[in-house]
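Trainee: Here is a sequence with its predicted model. Questions after.
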Amino acid sequence: MAAYNADNGTGILLESGTNELELLEFDICGNSYGINIAKVREIMMEQELVPMPQAPAEVEGVFMPRDKLITVIDLHRVMGKEKPADARGLFIICEFNGMDIGFHVSSVQGIQRIGWTAIEKPPQVSSEAGTGIATGIAKVNGKILVILDFEKIVSDINKTAGLDLTGSENIKADNLTSEKHIVIAEDSQFLNKMIVNSLADIGFKEIKSFPNGKEAWDYISKFANYNGDISECVAAVITDIEMPQMDGHHLTKLIKSDSKLKSIPVFLFSSLINEQMYKKGLSVGADEQFSKPQIGMLIERLMQILS
């Protein structure tokens, strides 16, 4: 595969709210995985790394191309595989929570364009919610791709990469605000639970949480014919962008295209928020957009709107 650089542009999601994505397919010891190409900044050949003292075993080391320090996580080790000793792999370079991260993979196969409706929720293989690192399963050209929860992988390794509550320390919901119904759409079990807990901690009592945009839309759309104040049914929606079945842009577009539901404030909360994605969010009618992990700033703005 030719080298990919996000600065070159690939025509990803040219139309906002189409409910499609492009997956970068990569390989780890013969198994196929996928990552949303919108998260990928660059693909590089394996580089010589400097090991970091006392770093977690999954962290291979760091290197500094073009004066930018990049930490490399070995996805072979994350997935419990033995990295081939004689093979040169590739680094998939991404940015998460303000950190530049390289994910070491065996090879990259190419880019697959599919609809979010083709992505299924992964089976529950653990009795403990939030432990899985897969957010979706897609069948592409007869092959099954597992879409990984990269935010959880990074957060498990670097505990400081969780949600940033700065700005919400002194916020408490009053009796009126605490009864407001908040809808959350987030496919990462890990982040979904953290967002729900963050809202519950400041006093919100009515929180409906869903693992994808479709299930959130099925719930919200039931109130399209409500005769009263729609905020009594849904006061605000907090949604991720990339989710199986229906992404956050499409969910926002559906809400804002409905004459009754369009007054519901929609907050996009995603690690994908950059200049290009911010414009896409505006084009589908998002009221506010926050980059993970800035949950504190989101809560502060949420309270201002609800008040």
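Mentor: Here it is on my side, so go on.
Trainee: Tell me how many other residues crowd the residue lying closest to residue 57 once chain neighbours are set aside.
Mentor: Sequence neighbours aside, residue 77 is the residue nearest to residue 57 in space, at 6.2 Å (criterion: Cβ to Cβ, 6 or more residues apart in numbering). All C-beta atoms are positioned from the backbone trio N, CA, C, and that covers glycine. As a burial measure, residue 77 scores 17 neighbours (other Cβ atoms under 10 Å).
Trainee: quick thing: my sequence starts at 56, can you match it?
Mentor: Let's use 56 as the start, then, which means that last one is residue 132.
Trainee: isn't residue 132 right up against residue 113?
Mentor: Yes - the pair residue 132 / residue 113 is scored as a contact, 5.0 Å apart, by Cβ atoms under 8 Å.
Trainee: Give me the domain ranges for the chain.
Mentor: As given by automatic domain parsing, the domain ranges for the chain are 61-214, 230-361.
Trainee: List the contacts of residue 223.
Mentor: Going by Cβ atoms under 8 Å, 6 or more residues apart in numbering, residue 223 touches 253, 257, 350-351, 354-355.
Trainee: Run the chain-centre distance for the helix or strand hosting residue 231.
Mentor: Element membership of residue 231 [criterion: DSSP states H and E] is helix 230-233. Chain-centre distance of helix 230-233: 29 Å, with Cα atoms, centre = their mean, to the nearest Å.
Trainee: Show me what counts as buried in that helix.
Mentor: For helix 230-233, the neighbour count (16 or more other Cβ atoms under 10 Å) marks 232-233 as buried.
Trainee: Could I have the CA atoms of it written out in PDB?
Mentor: Extracted C-alpha coordinates of helix 230-233, given in PDB (Å, rounded to 0.1, in the frame of the first residue of the first chain):
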ATOM      1  CA  ASN A 230     -33.700  19.900  41.600                       C
ATOM      2  CA  LEU A 231     -35.000  21.200  38.300                       C
ATOM      3  CA  THR A 232     -31.900  20.400  36.200                       C
ATOM      4  CA  SER A 233     -31.400  17.000  37.700                       C
END
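Trainee: Residue 281 in helix, strand or coil?
Mentor: For residue 281, the secondary structure call by DSSP: H, G, I helix; E, B strand; the rest coil comes out as coil.
Trainee: That one contacts residue 315, correct?
Mentor: Yes - the pair residue 281 / residue 315 is scored as a contact, 6.8 Å apart, by Cβ under 8 Å.
Trainee: correct me, but residue 102 touches residue 119?
Mentor: No - counting by Cβ under 8 Å, residue 102 stays clear of residue 119, with 9.6 Å between them.
Trainee: Looking at those two, which is more packed in?
Mentor: residue 102 (16 against 11).
Trainee: Please enumerate the helices of the stretch 156-305 of the chain.
Mentor: Remark: helices assigned in the stretch 156-305 of the chain by DSSP state H, counting those that start in this stretch are 205-212, 230-233, 244-256, 268-275, 303-311.
Trainee: Tell me which of these sits nearest to residue 324.
Mentor: Closest to residue 324 of the helices of the stretch 156-305 of the chain is helix 244-256 (Cβ to Cβ; 7.5 Å).
Trainee: quick one, that closest one and helix 205-212 angle?
Mentor: Note on geometry: by axes from the mean of the first three to the mean of the last three Cα atoms, to 10 degrees, helix 244-256 and helix 205-212 are set 80 degrees apart in direction.
Trainee: where does residue 66 land on pLDDT?
Mentor: Among the per-residue scores, residue 66 holds a pLDDT of 44.
Trainee: can you check the one 4 residues further on too?
Mentor: The per-residue pLDDT reported for residue 70 equals 53.
Trainee: which residues does residue 241 contact?
Mentor: When contacts are counted by Cβ under 8 Å, 6+ apart, residue 241 touches 247, 250, 264-266, 293-295, 298, 324.
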